[in-house]
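**Student:** Got a predicted model here, sequence first, then my questions.
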Amino acid sequence: EQSARFLDYMFDATVIGKVARTVRMKSDTAEIDRMSVGEKLMKLATEADNTAANSGVTFSKISLTTKKLRMDWELSTESLEDNIEGADLEDHIARLMATQAGNDIEDVILNGDASLTGDALYKSFDGVVKKAKASGRVVDAAGAGVSREVFNKALKAMPRKYKQRRGDLRFLAGSNLIQDFLYANSIGTNQTIPQDIASSVIRGGVAPLGGPAGYVAPFAFGIPIVEVPLLPETQAGDYSGQTGSHGDIHLTFPNNVVIGIKRDVTVYRFFQPRKDTIEYTMYTRVGVQIEQADAWVVVKNVKVAS
């Protein structure tokens, strides 16, 4: 028998949008204030001496600009009359489009590149991957596969002052790099990772090895590795003699990503009598910025196993 409804083959890949810091904006551009006190401000106090300079707080700003994004789709009257779901198809497709809109917004937040000319979405603005490589701390794996050494280099590159919040740090990696790490470290007939079992016992719970986007896979030196499916893993390496596909591994605080929203998602529905169709148009205005690029480490040129 034919099913009475369509089967969905769509995966909600939004991860960063759920954990990032969100800023509601009243104008196209907003400035976000930051402050820091630096390190080692204490001095030796000498009796009756008032010549030492006063320590100060350093203030700075980052700029956040939004861009207008649009999604369109159309349904004919015949498609609503003749399909297996009947009139329910309209709501079904609306849910699918909403999921796809979330994926697309996350995609440009991660992978946007304003210098591109051919892509209708990526050229909207620079995403956090490009911003992190331009302003963050970059470690070059030079074609090495994912391993403990890669995660160790990332942690070594992170300044000590940020590692005081070690429990809030997260490794972010694409699905295939996580699978490579699991495969390289699994042993035995049940393909388990001994260090994961030990850490799970200490923490009092077992981390799942499957689930929706954003699930925690193994731990690397006590820091969870979070799956971000939309991180690119088909990049060409930029080192000498590169071959194959490469991805990046990021180390940061998830709320280090600041997403600015000027306009919430708005959907317009309009019937076109001449075409006998229903047109839908979805708008939103979003932008993204890294709050503290110094607290972002990117390990680039990590080889994805073929």
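**Tutor:** Now that the structure is in, tell me what you want to look at.

**Student:** What is the longest strand of this protein by residue count?
**Tutor:** Secondary structure of the chain per DSSP state E: the longest strand is strand 257-272.

**Student:** immediately after it, which helix or strand?
**Tutor:** Next in sequence after strand 257-272, counting helices and strands by DSSP states H and E, comes strand 277-290.

**Student:** So the residue of the chain most remote from its centre: helix, strand or coil?
**Tutor:** Within the chain, Ala48 marks the point farthest from the mean C-alpha position, 54.6 Å out by Cα atoms, centre = their mean. Secondary structure for Ala48, judged by DSSP: H, G, I helix; E, B strand; the rest coil, is coil.

**Student:** Which pLDDT value does the model give it?
**Tutor:** At Ala48 the predicted local distance difference test score is 77.

**Student:** Contacts for the one helix or strand Leu80 maps to next, please.
**Tutor:** Leu80 is part of helix 77-82, with elements assigned from DSSP H and E. By Cβ atoms under 8 Å, 6 or more residues apart in numbering, the residues outside helix 77-82 that reach it are Gly86, Ala87, Leu89, Glu90, Asp276, Thr277, Ile278. All C-beta spots, glycine's among them, are computed from the backbone N, C-alpha and C.

**Student:** For PyMOL, write the select line for the buried members of these.
**Tutor:** To isolate in PyMOL the members of these that are buried, counting by 16 or more other Cβ atoms under 10 Å, one can use:
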select buried, resi 89+90+277+278
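
**Student:** just to revisit the earlier point, okay, buried residues for the longest strand of the chain please.
**Tutor:** So for strand 257-272, counting by 16+ other Cβ under 10 Å, buried means Val257, Val258, Ile259, Gly260, Ile261, Lys262, Val265.

**Student:** Show me what the helix or strand encompassing Ala154 is packed against.
**Tutor:** In this structure, Ala154 sits in helix 148-157 according to DSSP H and E. Counting contacts by 3 or more Cβ pairs under 8 Å, 6 or more residues apart in numbering; DSSP states H and E, helix 148-157 is packed against strand 137-140, strand 223-227, strand 246-252, strand 297-303.

**Student:** Next, format those strands as CSV and append mean neighbour count and distance to Gln289.
**Tutor:** Conversion of these to CSV gives the following (neighbours: other Cβ atoms under 10 Å; distance: least, Cβ to Cβ, whole Å):
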stretch, mean neighbour count, distance to Gln289
strand 137-140, 18, 17
strand 223-227, 20, 20
strand 246-252, 25, 13
strand 297-303, 23, 16
